[in-house]
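K.L.:
With the input below, show me the fold.
(one chain, ligands or ions: 1)
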Amino acid sequence: MEAPPHKHIVMVPLMAQGHLIPFLELANKIVHRNPIFTITIVNSPLNINYLRSAIANGPSPPHQIHLRSLPFNSSDHGLPPNCENTDGLPMTQIIKLFHASTTLEAPLREFISEVIADEGNPPICIISDKFMGWANNVARSFGIANYSFNTGGAYGPTAYCSICLNLPHRNHADGGTHEEFSVPGFPDSCRFSIALLGQYIRAADGEDEWSTFFQSQISYSLQSDGWLCNTSEEIESTGCVALRNFIKLPFWCIGPLIPSSMLKKNSGVDTGSGIIVQKSGKLDATRPEKYIEWLDSHPQGSVLYISFGSQNTISETQMMELAKGLEESKKPFIWVIRPPIGFDINGDFRSEWLPSGFEDRVKSQGLVVHGWVPQVEILCHRSTGAFLSHCGWNSVMESLSQGVPLIGWPLGGEQGCNAKMLEEEMGVCAVLTRGVVSTIDKEEVKKVIEVVLDKNEDGKGGDMRKKAGEFGKLIRESVEGSSDKAMDDFVSTILFT
Ligand code: UDP
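P.N.:
Numbers count the residues shown, from 1 in each chain. Here you go, the predicted structure:
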């Protein structure tokens with residue numbers, strides 16, 4: 001019998017850690033659903049290498065997923081050599097990388113022409129990151145469908161995109177700047193404020209390099225055939241209503257796309273499933289055993305895990321106060337440190353970022369790690385009791401899937417709006433501070449840690465834990481329920497329309 005013709009999908013992720021992995025998870029989901037699909041993920045050479053190693057370390061590399069490098073040289077764009085991902089760049093250069101990512105348009109066109117020449121047909125669709133909206137133009141010119149993949153949730157990204165397009169904090173009828181404003185898509189009663197925004201969007205005026213990138217890419221994505229969202233309707237009911245109002249396109253909530261090892265609560269280490277990411281050159285820091293042994297020696301729910309994700313960092317003064325508060329709290333911790341603002345993000349660790357003698361004094365209290373840790377394994381461990389996080393979406397979903405409440409310190413992008421939802425709507429987060437210029441005091445740090453790690457089940461910490469546990473349950477249920485159905489529906493849509 002003749003094999004059925006395969007259906008080719010091309011995926012275009014943003015050049016950022018927190019976007020590449022959800023794309024790979026999405027590709028895995030689609031090909032496991034139906035062997036008729038072949039997926040090619042395209043990106044710059046170093047990001048493709050990174051994905052290659054992620055696939056090699058993953059559960060079972062599906063042969064239907066292909067990777068294709070498109071020519072890209074960071075030096076051509078005024079970036080340091082070999083900088084193709086936000087994780088190796090300070091914030092001031094990240095926007096340059098985003099603008100540079102639009103130059104992948106011509107190579108993508110060539111690749112699609114190649115597919116047509118080789119296979120006799122164009123791919124059935126392009127799935128591109130919502131911030132790689134230019135791919136919609138490529139799809140249109142070949143008569144191919146284009147879907148935007150929003151690797152974040154619903155509430156935060158809707159608020160962020162809507163704010164970027166409407167700049168409501170500047171665009172009032174009276175021409176003034178307002179501290180509080182409503183955001184198109186959300187009900188008027190839902191108030192947002194300038195304080196929620198990262199420093200660049202706060203200063204955006206429609207002409208600067210942040211506005212021009214985000215406004216154009218979001219606008220293109222709003223002309224696509226629909227959006228895929230890395231969340232579920234059960235987790236984010238308000239966010240999904242707002243998203244529906246804002247995009248006015250079909251959308252499918254197919255998430256959260258967290259590693260399958262996280263779908264069992266406090267599942268412990270299960271490195272055999274899910275995608276285990278190892279960052280090149282830092283393999284020692286990713287040996288889960290080291291962390292697991294240390295976590296094993298602590299009581300259940302007692303450890304604070306601290307990380308600001310793959311691309312953000314805080315200021316030197318903030319780092320100093322965080323260290324002092326942490327030490328005075330006497331709570332066990334794992335703290336992943338990236339160089340503070342103003343220092344080479346890829347440079348060596350310097351002890352002057354921390355109070356004198358800090359590392360020696362806290363040796364028996366916590367682990368100070370420079371660079372990268374196996375976050376999934378840490379969050380899955382029963383000793384982890386809270387996560388001080390920048391509220392990046394993957395981190396949030398990973399944490400809640402294990403019933404671990406958050407201490408929020410949002411830094412940029414939609415993180416401020418994520419933190420608002422987590423604190424005000426979901427009750428699973430206590431926001432410590434926001435951004436890189438805020439003044440924090442060690443006493444505030446100590447207080448919030450004590451509140452959230454408090455063992456008393458009737459206190460605020462207990463309530464946050466209970467709610468985080470409930471959201472963990474919703475995450476597991478939706479992955480097997482509504483999100484699974486939405487994925488079926490999406491697959492039928494791309495196959496039969
Ligand atoms: N991550 C990790 N080890 C680290 C820091 C981050 O494995 O030391 C992973 C984390 O598990 C998550 C991703 O990197 O999957 C970060 O994504 P998120 O959306 O939270 O934040 P971003 O890095 O995009 O700001």
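K.L.:
lowest-confidence helix or strand of the protein?
P.N.:
For the chain, counting by mean pLDDT, DSSP states H and E, helix 199-202 ranks last in confidence among helices and strands (a mean of 84).
K.L.:
Now do the buried residues in that one.
P.N.:
200-202 (16 or more other Cβ atoms under 10 Å). Glycine gets a C-beta too; all of them are placed from N, C-alpha and C.
K.L.:
so how far is the helix or strand following it off the chain centroid?
P.N.:
Remark: after helix 199-202, the chain's next helix or strand is helix 209-221, criterion DSSP states H and E. Centroid separation for helix 209-221 versus its chain: 19 Å, with Cα atoms, centre = their mean, to the nearest Å.
K.L.:
And the average pLDDT for the following helix or strand past helix 209-221 is what?
P.N.:
Counting by DSSP H and E, the next helix or strand C-terminal to helix 209-221 is strand 226-229. Across strand 226-229, pLDDT averages out at 98.
K.L.:
Can I get strand 226-229 in PDB? Just the C-alpha atoms.
P.N.:
The C-alpha coordinates for strand 226-229 follow below in PDB (Å, rounded to 0.1, in the frame of the first residue of the first chain):
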ATOM      1  CA  GLY A 226      -5.300  32.100  14.300                       C
ATOM      2  CA  TRP A 227      -3.300  31.900  17.500                       C
ATOM      3  CA  LEU A 228      -2.100  29.000  19.500                       C
ATOM      4  CA  CYS A 229      -1.700  29.700  23.200                       C
END
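K.L.:
That one pairs with which strands, and in what direction?
P.N.:
strand 145-150 (parallel), strand 251-253 (parallel) (DSSP bridges).
K.L.:
CSV for these, including mean pLDDT and distance to Glu180?
P.N.:
Shown next, in CSV, are the strands paired with strand 226-229 (pLDDT from 0 to 100; distance: least, Cβ to Cβ, whole Å):
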stretch, mean pLDDT, distance to Glu180
strand 145-150, 98, 26
strand 251-253, 97, 28
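K.L.:
Could you point out the helix or strand that follows the longest helix along the chain?
P.N.:
Longest helix of the chain, by residue count under DSSP state H: helix 460-480. Counting by DSSP H and E, the next helix or strand C-terminal to helix 460-480 is helix 482-496.
K.L.:
Now do that next one: everything it contacts.
P.N.:
Helix 482-496 is contacted from outside by 7, 9, 29-30, 33-34, 36, 124-125, 145, 147, 226, 228, 232-234, 250, 252-256, using Cβ atoms under 8 Å, 6 or more residues apart in numbering.
K.L.:
Around the ligand, pick out the residues from the stretch 251-400 of the chain.
P.N.:
Within the stretch 251-400 of the chain, the residues that sit near the ligand (Cβ under 6 Å from any ligand atom) are 277, 307, 309-312, 336, 372-373, 375-376, 392-395, 398.
K.L.:
which parts of stretch 460-477 are buried?
P.N.:
Residues 461, 464-465, 467-469, 471-472, 474-476 are the ones in stretch 460-477 that count as buried (16+ other Cβ under 10 Å).
K.L.:
likewise stretch 440-457?
P.N.:
For stretch 440-457, the neighbour count (16+ other Cβ under 10 Å) marks 440, 442, 445-446, 448-450, 452-454 as buried.
K.L.:
For the ligand, tell me which of these show up nearby.
P.N.:
Counting by Cβ under 6 Å from any ligand atom, no member of the buried residues of stretch 440-457 is near the ligand.
K.L.:
out of those, who's nearest Asp360?
P.N.:
The closest of those to Asp360 turns out to be Lys442 (Cβ to Cβ; 18.5 Å).
K.L.:
Let me see the contact set for that closest one.
P.N.:
So Lys442 contacts 321-322, 324-325, 328 (Cβ under 8 Å, 6+ apart).
K.L.:
likewise Phe23?
P.N.:
11, 13, 41, 127, 129, 149, 151.
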